[in-house]
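Student: Next come a sequence and a model predicted from it.
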Amino acid sequence: MSAKATKSATAPRRVSGTDGETAAGAEVDGIAKAAILPRSPHGGRAILRGPHCRALSADALASEGINETLSIAAATEADLAAVAQLAGVVWRRHYPGIITPEQIEYMLGLGYSHEALRRFVVNDGAGLDLAHIGDRLVGFGAYYPVDGTREIKLDKLYVHQDYQGRGVGRRLIASAESVARARSCTALILNVNKHNSQAIRTYERYGFSVREAVVVDIGGGFLMDDYVMAKPL
Ligand SMILES: CC(C)(COP(=O)(O)OP(=O)(O)OC[C@H]1O[C@@H](n2cnc3c(N)ncnc32)[C@H](O)[C@@H]1OP(=O)(O)O)[C@@H](O)C(=O)NCCC(=O)NCCS
């Protein structure tokens, strides 16, 4: 089922790590130190239950030592500022050492303006899914159909550092994948920087493999030195 069908969140929501407020009440380097989602004793997979499960029951989570639920829901225009804010937090922490600070700011401007994000909300076949733990925005995934193919491109996938390695990314991918399967697409594809080894390893765990290497001119004097990875469906 598409996450678009499950939009239910109307209450005011917070962006993880950007409001100076945390579950534990502590903040380090501008990043909230969350305490609400401890790693599972069996390897940090506590909240992953597959694409058919939109959110675990409070009882199931409590048995894992987790006291708030993960939910995946489609974004609306009202969510876009929060998505851009979360992207800023994740990018400025993750990409130094992979691309220059100048390129980070350039790409944030390019990919996270209201107009750029709005396309995923309004364009036919595109989607922007949000991952919340309780009322906290902890991640997002965005995708669109590639013209002239039967493939869907996962254009963005980001999870706040305090929540990585706990299955949030897997649930976001599963959401895009279920949309792609429902449309009889043949593959889910994405671009990833060649030096982003953490993400490459993660995508391999998700079933992606490298299809080709590309260098993309994104303007402003910047290039993206990427792998295209694909997961056949
Ligand atoms: C890449 C990313 C989206 C993955 O999301 P995630 O919620 O951290 O990943 P998951 O918890 O679903 O983990 C998937 C697999 O990768 C491994 N993994 C990924 N990140 C990890 C981390 N920080 N710590 C431990 N394990 C990690 C897990 O072992 C897991 O494998 P398993 O399910 O077989 O145990 C997220 O880590 C992220 O935002 N990274 C920084 C930004 C980035 O590079 N985004 C991708 C741009 S193309």
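Tutor: Structure received.
Student: quick one: contacts for S209?
Tutor: Residues near S209 by CB atoms under 8 Å, 6 or more residues apart in numbering: 229-231. C-betas here are computed from N, CA, C, even on glycine.
Student: no no, M229
Tutor: Here M229 is in contact with 189-192, 200, 203, 208-211 (criterion: CB under 8 Å, 6+ apart).
Student: and it, bridged to which residues?
Tutor: L190, V210 (DSSP bridges).
Student: My guess is V214 contacts D226. True?
Tutor: Yes: using CB atoms under 8 Å, V214 is in contact with D226, at 5.3 Å.
Student: quick one on the thing from earlier: turn the contacts of S209 into CSV, columns for pLDDT and distance to the ligand.
Tutor: Formatted as CSV, the contacts of S209 follow (pLDDT from 0 to 100; distance: CB to the nearest ligand atom, whole Å):
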residue, pLDDT, distance to the ligand
M229, 98, 9
A230, 98, 13
K231, 98, 13
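Student: got the residues of the chain near the ligand?
Tutor: Residues of the chain lying near the ligand by CB under 6 Å from any ligand atom: 45, 90, 94, 157-159, 164-170, 192, 196, 198-199, 202, 205.
Student: again, 5 Å this time
Tutor: Near the ligand, the residues belonging to the chain are 94, 157-159, 164-165, 167-170, 192, 196, 199, 202, 205 when assessed by CB under 5 Å from any ligand atom.
Student: Tell me which of V214 and D226 has more neighbours.
Tutor: Applying other CB atoms under 10 Å to V214 and D226 shows that D226 carries more neighbours, namely 18 against 13.
Student: Confirm the more buried one sits in a helix?
Tutor: No: the assignment for D226 is strand, going by DSSP: H, G, I helix; E, B strand; the rest coil, so no helix is present there.
Student: Just the pLDDT for the nearest residue to it once chain neighbours are set aside.
Tutor: Sequence neighbours aside, N191 is the residue nearest to D226 in space, at 4.3 Å (criterion: CB to CB, 6 or more residues apart in numbering). Here, the pLDDT recorded for N191 equals 98.
Student: before we move on, what about A199?
Tutor: On the pLDDT scale, A199 gets 97.
Student: for it, what are its contacts?
Tutor: Taking CB under 8 Å, 6+ apart, one finds 157, 192-193 in contact with A199.
Student: Select only the buried ones of the residues you listed in PyMOL?
Tutor: Buried members of those, defined by 16 or more other CB atoms under 10 Å, are picked up in PyMOL with:
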select buried, resi 157+192
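Student: Output the below-cut-off pLDDT ranges for this protein.
Tutor: 1-67 (pLDDT under 70).
Student: ok so, going back, isn't the residue nearest to D226 right up against D225?
Tutor: No: using CB under 8 Å, N191 is not in contact with D225; the gap is 10.1 Å.
Student: Look through this protein and state the residue closest to the ligand.
Tutor: Closest to the ligand within the chain is G169: 2.1 Å, counting by CB to the nearest ligand atom.
Student: Please give me every residue in contact with that residue.
Tutor: When the contact criterion is CB under 8 Å, 6+ apart, the partners of G169 are 139, 141, 157, 159, 202, 206.
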